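*Asks:* take this sequence and fold it.
(2 chains)
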Protein chains: 2
Amino acid sequence: MNKDAPIGVFDSGVGGLTVVQEIRRLMPNESIVYVGDTARAPYGGKDTETLISHGREIINFLVDKNVKIVVMACGTSSSTSYEILLKEFCATPIIDTIRPAASELVRIAQTRPELKPVFIATAATVKSGLFARLFAAQCPQVELFSRACPLFAPMVEAGLSTEKNNPLLQFASDNYLADLKGKVNALVLGCTHYPLVQNALTRTLGDITFINPATATALATKAAITPSQFAIPEINYYTSGDPQKFSEIARFIMGKECNAKPCCL
Amino acid sequence: MNKDAPIGVFDSGVGGLTVVQEIRRLMPNESIVYVGDTARAPYGGKDTETLISHGREIINFLVDKNVKIVVMACGTSSSTSYEILLKEFCATPIIDTIRPAASELVRIAQTRPELKPVFIATAATVKSGLFARLFAAQCPQVELFSRACPLFAPMVEAGLSTEKNNPLLQFASDNYLADLKGKVNALVLGCTHYPLVQNALTRTLGDITFINPATATALATKAAITPSQFAIPEINYYTSGDPQKFSEIARFIMGKECNAKPCCL
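*Replies:* Numbering: from 1, shown residues only, chains lettered A, B, ... in the order given. Below you'll find the predicted structure:
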């Protein structure tokens, strides 16, 4: 592993930037190449074959950029495409978000016997059943709710989470989850877009514990790399869609300018 | 033009099926090849270059199927990609949905001096300004509202319109349009997905006139083709996404089995 090579990160769109934030926080000296496949977002309603094909194209793009590791910062890709792409790209380490998230919830469950968790994600991720299987294998005594929230990612990509208290976002959150109020005390954000709707989720469910896979994913990445020590590391953003639109939402999420370049996938 | 060749129809997903319904009603003896690009839907937030590229790939697919005409049954493609693709595929007639819809609203405006219309469509279509320009060129005295409704198409693709009175769909409709209640008496469905949310729109805006571009588009198609006379014409559905999911929503829209085949775009 070339320690000075960048970390490659990808997502269907802007959601994976929540993982970039954690990578920046935990590894401030690493360069990053980010790909948001906004031209083909959202991923949550797509079939496995399509998702594998999209993931393959993006990882090839990142490998061409000489990344030292790939972070699949997309819950949908992680739950449907990880194993097959890990085999295909055997020379490149790949980290996903769903497996670290499941380990994190297991760790919490072991110290909080009263834990009543719900896992929320895209339709494809919930349908895969991966998170529920991984968690049940280690914590069969804990009841886990799973709930698909298919419109959250499109809403974030449409920029709704950049507004304070967007009513559509709040209504969707209430509609998806209000019946679980009082029944759950922890929520796993199973899609990297969902930390961006956390305010709406809090208004729906009250004061509960949020498990943001970004942290566990960044920690898993940190453990897998040979670190670089750039004083001012480079972050390059690429999008398959409209660079201007991507850059606007990215600036809101990252709190600074993120001028994206176009890429053809 | 080979009169027995099929009519090619495409959309980002299932929305174009509202145009297929009108083609079937007005030209029951025509064969049809339909492509729903569900793997890359929704189109409404994508940039023009991406949309032109997607349209080009789909028209190439349809030309390979020897269609006698292409119906661009997608408001977003129609408003961003029509002219350039018309030039590129000069050997194939292409019909769009926005230009026929504008002509239809002009026709209505000429006989209803009290007309107060609103045009609703995806973000890309509204941003293009095409419909407003076409209408204003002929009816400069009529005030036209334009409103982007970016979540309707993703909601239809997620299957929400197959439920009676889906609350999310209704909330989105109220959120987008309730302030126009009483101010408009006609609404142009500027995206082929929108006839599928007409019930929600009626609850928001009351008893107004809906202009569904599907009818004008099918009439324009009828005028452009040499008709075939199949007693039992063939309809073939292709999707770039999940054939099962496409077929389920298509069955709801068409009222009969629509077994889609996969296609790579």
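*Asks:* all strands for chain A, in order.
*Replies:* Assignment of strands within chain A using DSSP state E yields the ranges A:7-11, A:32-36, A:69-72, A:94-95, A:117-121, A:145-148, A:186-189, A:209-211, A:235-239, A:261-262.
*Asks:* want to throw those strands into TSV with distance to chain B, mean pLDDT and mean neighbour count?
*Replies:* Placement of C-beta: from N, CA and C, glycine included. Output for the strands of chain A, formatted as TSV (distance: least, C-beta to the nearest C-beta, whole Å; pLDDT from 0 to 100; neighbours: other C-beta atoms under 10 Å in any protein chain shown):
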stretch	distance to chain B	mean pLDDT	mean neighbour count
strand A:7-11	15	98	28
strand A:32-36	12	98	26
strand A:69-72	19	98	27
strand A:94-95	22	98	25
strand A:117-121	14	98	25
strand A:145-148	9	97	18
strand A:186-189	20	98	25
strand A:209-211	23	97	16
strand A:235-239	9	97	21
strand A:261-262	8	95	13
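*Asks:* quick one: which of these is nearest B:Gln170?
*Replies:* Nearest to B:Gln170 among those is strand A:145-148 (19.8 Å), distances taken as C-beta to C-beta.
*Asks:* for the residue nearest to the spatial centre of chain A, give its distance to chain B.
*Replies:* Of all residues in chain A, the one closest to the mean position by C-alpha atoms, centre = their mean is A:Thr192, 2.6 Å from it. Between A:Thr192 and chain B the distance is 18 Å, computed by C-beta to the nearest C-beta, to the nearest Å.
*Asks:* state the pLDDT value of that residue.
*Replies:* pLDDT for A:Thr192: 98.
*Asks:* what sits closest to the closest residue to chain B within the stretch 1-150 of chain A if chain neighbours are left out?
*Replies:* Using C-beta to the nearest C-beta, A:Asp47 is the residue of the stretch 1-150 of chain A that sits closest to chain B, at 3.6 Å. Closest residue to A:Asp47 apart from its sequence neighbours, by C-beta to C-beta, 6 or more residues apart in numbering or on different chains: B:Asp242 at 3.6 Å.
*Asks:* the one you found touches A:Thr80, doesn't it?
*Replies:* No: the pair formed by B:Asp242 and A:Thr80 falls short of the contact definition of C-beta atoms under 8 Å, at 11.6 Å.
*Asks:* the two: which has the busier surroundings?
*Replies:* A:Thr80 (27 against 20; other C-beta atoms under 10 Å in any protein chain shown).
*Asks:* contacts only, for the more buried one.
*Replies:* A:Thr48, A:Leu51, A:Ile52, A:Ala124, A:Thr125, A:Ser128 (C-beta atoms under 8 Å, 6 or more residues apart in numbering or on different chains).
*Asks:* which of these fall in helices?
*Replies:* Among the contacts of A:Thr80, the members falling in helices (DSSP state H) are A:Thr48, A:Leu51, A:Ile52, A:Ala124, A:Thr125, A:Ser128.
*Asks:* what parts of the stretch 51-200 of chain A come near chain B?
*Replies:* The stretch 51-200 of chain A comes close to chain B at residues A:Ala123, A:Pro150, A:Leu151, A:Pro154, A:Met155, A:Glu157, A:Ala158, A:Pro167, A:Leu168, A:Phe171, A:Ala172, A:Asn175, as judged by C-beta under 8 Å from any C-beta of the partner chain.
*Asks:* just give me the least confident of these.
*Replies:* For those, the pLDDT minimum is A:Ala158, 87.
*Asks:* from A:Leu169, how far off is it?
*Replies:* 10 Å (C-beta to C-beta, to the nearest Å).
*Asks:* with distance to B:Pro262 added, can I get the strands of chain A in JSON lines?
*Replies:* JSON lines is the format used below for those (distance: least, C-beta to C-beta, whole Å):
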{"stretch": "strand A:7-11", "distance to B:Pro262": "24"}
{"stretch": "strand A:32-36", "distance to B:Pro262": "25"}
{"stretch": "strand A:69-72", "distance to B:Pro262": "24"}
{"stretch": "strand A:94-95", "distance to B:Pro262": "27"}
{"stretch": "strand A:117-121", "distance to B:Pro262": "25"}
{"stretch": "strand A:145-148", "distance to B:Pro262": "23"}
{"stretch": "strand A:186-189", "distance to B:Pro262": "32"}
{"stretch": "strand A:209-211", "distance to B:Pro262": "36"}
{"stretch": "strand A:235-239", "distance to B:Pro262": "27"}
{"stretch": "strand A:261-262", "distance to B:Pro262": "28"}
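*Asks:* sorry, back to before: please pick the buried ones from the residues of the stretch 51-200 of chain A next to chain B.
*Replies:* Among those, the ones that count as buried by 16 or more other C-beta atoms under 10 Å in any protein chain shown are A:Ala123, A:Pro150, A:Leu151, A:Pro154, A:Met155, A:Glu157, A:Ala158, A:Leu168, A:Phe171, A:Ala172, A:Asn175.
*Asks:* list the contacts for the third one?
*Replies:* Spelled out, it's A:Leu151. With C-beta under 8 Å, 6+ apart, A:Leu151 has these contacts: A:Ala172, B:Leu151, B:Pro154, B:Met155, B:Ala158, B:Leu168.
*Asks:* and these, which is closest to B:Asn2?
*Replies:* B:Pro154 (37.4 Å).
*Asks:* isn't the closest one up against A:Phe152?
*Replies:* No: B:Pro154 is not in contact with A:Phe152 according to C-beta under 8 Å; the separation is 10.8 Å.
*Asks:* if we can go back for a sec, show me the residues of the stretch 51-200 of chain A next to chain B that map onto helices.
*Replies:* Using DSSP H, those in helices are A:Ala123, A:Pro154, A:Met155, A:Glu157, A:Pro167, A:Leu168, A:Phe171, A:Ala172, A:Asn175.
*Asks:* which residues touch the last one?
*Replies:* The contact partners of A:Asn175, taken as C-beta under 8 Å, 6+ apart, are B:Pro167, B:Leu168, B:Phe171.
*Asks:* so which of those residues reach chain A?
*Replies:* Within these, those near chain A by C-beta under 8 Å from any C-beta are B:Pro167, B:Leu168, B:Phe171.
*Asks:* quick check: buried residues in stretch A:173-184?
*Replies:* Per 16+ other C-beta under 10 Å, stretch A:173-184 contains these buried residues: A:Ser173, A:Asp174, A:Asn175, A:Tyr176, A:Leu177, A:Leu180, A:Val184.
*Asks:* could I get the residues you listed as CSV with distance to B:Arg24?
*Replies:* Output for the buried residues of stretch A:173-184, formatted as CSV (distance: C-beta to C-beta, whole Å):
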residue, distance to B:Arg24
A:Ser173, 40
A:Asp174, 40
A:Asn175, 35
A:Tyr176, 36
A:Leu177, 41
A:Leu180, 44
A:Val184, 48
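*Asks:* from those residues, pick the one nearest B:Ile253.
*Replies:* Checking the buried residues of stretch A:173-184 one by one against B:Ile253 (C-beta to C-beta), the nearest turns out to be A:Asn175, at 23.3 Å.
*Asks:* what separation do you get for the closest one and A:Ala250?
*Replies:* For A:Asn175 relative to A:Ala250 (C-beta to C-beta), the value is 28 Å.
*Asks:* same check on A:Leu130?
*Replies:* For A:Leu130, the distance to A:Ala250 - C-beta to C-beta - is 28 Å.
*Asks:* same thing with A:Gly190?
*Replies:* For A:Gly190, the distance to A:Ala250 - C-beta to C-beta - is 22 Å.
*Asks:* more neighbours: which of those two?
*Replies:* Ranked by neighbour count (other C-beta under 10 Å), A:Gly190 and A:Ala250 place A:Gly190 first, with 29 against 24.
*Asks:* enumerate every residue touching that one.
*Replies:* Here A:Gly190 is in contact with A:Gly75, A:Ile98, A:Ala101, A:Phe119, A:Ile120, A:Ala121, A:Thr122, A:Thr125, A:Val126, A:Phe131, A:Pro213 (C-beta under 8 Å, 6+ apart).
*Asks:* neighbour-wise, which one of the residues you listed leads?
*Replies:* A:Gly75 (37 neighbours).
*Asks:* neighbours around the closest residue to it other than its chain neighbours, how many?
*Replies:* Leaving out its chain neighbours, the residue that sits closest to A:Gly75 by C-beta to C-beta, 6+ apart is A:Cys191, at 4.2 Å. A:Cys191 has 36 neighbours, counted by other C-beta under 10 Å.
*Asks:* alright, that wraps it up for me.
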